[in-house]
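S.K.: Have a look; sequence and predicted model below, questions after that.
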Amino acid sequence: AAAAGGAAGAARAAPAAGRYVDATGQPVELPETGSGRAFTEVEHDGRRVAAIVHDASLDEEPELVRAAGAAAALALENERLDAELRVQIAEVRASRARLLEVVTRERRRIERDLHDGAQQRLVALALTLGIAENQVERDPAQAQALIREARDEARLALEELRELARGIHPAILTDRGLGPALEALASRAPLPVELSDVPRERLPSPVEGAAYFVVAEALANVAKYAQATHARVVVERSNGHAIVEVRDDGVGGADPDGGSGLRGLEDRLSAIDGRLAVFSPAGAGTTVRAEIPCTPP
């Protein structure tokens, strides 16, 4: 809307300040009675959104003023919606950038863990088997000892690969579903974890994966920071959403913006149109709550 002036002009409301401003944010004084100018306030959905300043003679043509007011209200509403859309686009871009950063960091971690762990064990296993092969005829006893050593190395390499895969996407989640996966997660927690209301039916794979990692991250934070003695995990379906809550009886005061873990969860959930909230009053424990749509966005 333009500043008041000429035959007619418009000023938008600034409700918090109880005044009107023009398109640049400068205050607009409404004309007083007898000044030869008049104004008509514009409302939208019961809210005062603007005022049209016009010649006093137009008071005799209220339909014309109302038509101008309707056009001004529509323009302001379109402007508001456009601003909201720009904010949402900026948030999506920022979220995608953070997701890319997380994916890159996670790929590097996997490469490092493979190189330092299972890969080194497999190299040692190959060398040990090669030595054992050369000793089979000359020293069978030593060959048997080397084979036993190689078998132990293979077992340790398999355990390390399983542990690494568990951090990516646990096999039990794929094979048996969310309930058994959460039971396995709770059994490894360093404090008692109660599971409640986990759906027996399978949920869509992205939903199960998101729910699992919400619980995994929340329980990891409980173990690290909460000083809690008990945690409770609740998963239920409501209005087409999977609702996941992790509650603890710890010290509270968690800052959802204080670390990359919860921010990474927010980005993971936003990718499937989910939402994350953290309630953590000081001294009253922490609740992490996720709402995950069970149908694609």
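M.R.: Received it, and whenever you're ready, just let me know what you need. Numbering: from 1, shown residues only.
S.K.: Where does I272 sit, in terms of helix or strand?
M.R.: Of the helices and strands defined by DSSP states H and E, none includes I272.
S.K.: if you skip the residues just before and after it, what's nearest to it?
M.R.: P206 (5.3 Å; C-beta to C-beta, 6 or more residues apart in numbering). All C-beta atoms are positioned from the backbone trio N, CA, C, and that covers glycine.
S.K.: Please apply the same query to A277.
M.R.: Spatial nearest neighbour of A277, chain neighbours left out: R289 (4.8 Å); criterion: C-beta to C-beta, 6+ apart.
S.K.: Give the burial count for that neighbour, as a bare number.
M.R.: Residues near R289, counting by other C-beta atoms under 10 Å, number 17.
S.K.: Equivalent analysis for V215, please.
M.R.: 27.
S.K.: So which elements touch the helix or strand where it lies?
M.R.: Assessed by DSSP H and E, V215 sits inside helix 205-221. Judged by 3 or more C-beta pairs under 8 Å, 6 or more residues apart in numbering; DSSP states H and E, the packing partners of helix 205-221 are helix 171-176, helix 178-187, strand 231-238, strand 241-248, helix 260-270, strand 287-293.
S.K.: how big is the angle separating that helix from strand 241-248?
M.R.: If you take axes from the mean of the first three to the mean of the last three C-alpha atoms, to 10 degrees, helix 205-221 sits at 10 degrees to strand 241-248.
S.K.: Would you mind listing the outside residues contacting helix 205-221?
M.R.: With contacts defined as C-beta atoms under 8 Å, 6 or more residues apart in numbering, helix 205-221 is touched by 169-170, 173-174, 177-178, 181-182, 185-186, 189, 193, 202-203, 231, 233, 235, 242, 244, 246, 254, 259, 261-262, 264-265, 268-269, 272, 274, 276, 286, 288, 290, 292-294.
S.K.: Show me what counts as buried in it.
M.R.: 206-219, 221 (16 or more other C-beta atoms under 10 Å).
S.K.: if we can go back for a sec, would you reformat the helices and strands packed on helix 205-221 as TSV and include distance to E91?
M.R.: Below are these laid out as TSV (distance: least, C-beta to C-beta, whole Å):
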stretch	distance to E91
helix 171-176	29
helix 178-187	28
strand 231-238	25
strand 241-248	20
helix 260-270	8
strand 287-293	17
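S.K.: how about those, which one is nearest G36?
M.R.: G36 lies closest to helix 260-270 among the helices and strands packed on helix 205-221, at 55.1 Å (C-beta to C-beta).
S.K.: CA atoms only for that closest one, dumped as CSV, please.
M.R.: What follows is helix 260-270, C-alpha atoms only, in CSV (Å, rounded to 0.1, in the frame of the first residue of the first chain):
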residue,chain,number,x,y,z
SER,A,260,23.9,-30.9,16.4
GLY,A,261,22.1,-34.1,17.4
LEU,A,262,18.6,-32.6,17.8
ARG,A,263,19.1,-30.2,14.9
GLY,A,264,19.9,-33.2,12.8
LEU,A,265,16.7,-34.8,13.9
GLU,A,266,14.7,-31.7,13.1
ASP,A,267,16.2,-31.8,9.6
ARG,A,268,15.5,-35.5,9.2
LEU,A,269,11.9,-35.0,10.3
SER,A,270,11.4,-31.9,8.1
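S.K.: Return the set of buried residues in stretch 139-154.
M.R.: A143, L146, I147, E149, A150, E153.
S.K.: now, which of these sits nearest L76?
M.R.: Looking across the buried residues of stretch 139-154 and measuring by C-beta to C-beta, the closest to L76 is E153, at 71.4 Å.
S.K.: and the nearest residue to the closest one once chain neighbours are set aside, how far is that from R202?
M.R.: Among residues not flanking E153 along the chain, L125 sits closest, at 4.5 Å (C-beta to C-beta, 6+ apart). Using C-beta to C-beta, to the nearest Å, we find L125 at a distance of 38 Å from R202.
S.K.: ok, those two, which is more surrounded?
M.R.: L125 (19 against 12).
S.K.: so who does the more buried one touch?
M.R.: Neighbours of L125 in contact, by C-beta under 8 Å, 6+ apart: A150, E153, A154, A157.
S.K.: pretty sure it is in a strand, no?
M.R.: No: L125 is assigned helix when assessed by DSSP: H, G, I helix; E, B strand; the rest coil, not a strand.
S.K.: Mind pulling up the pLDDT for the residue nearest to the spatial centre of the chain?
M.R.: Centroid-nearest residue in the chain: E266, 1.4 Å away (criterion: C-alpha atoms, centre = their mean). Model confidence at E266, expressed as pLDDT, equals 81.
S.K.: Now do the end-to-end distance for stretch 267-282.
M.R.: Taking C-alpha to C-alpha, to the nearest Å, the first and last residues of stretch 267-282 lie 26 Å apart.
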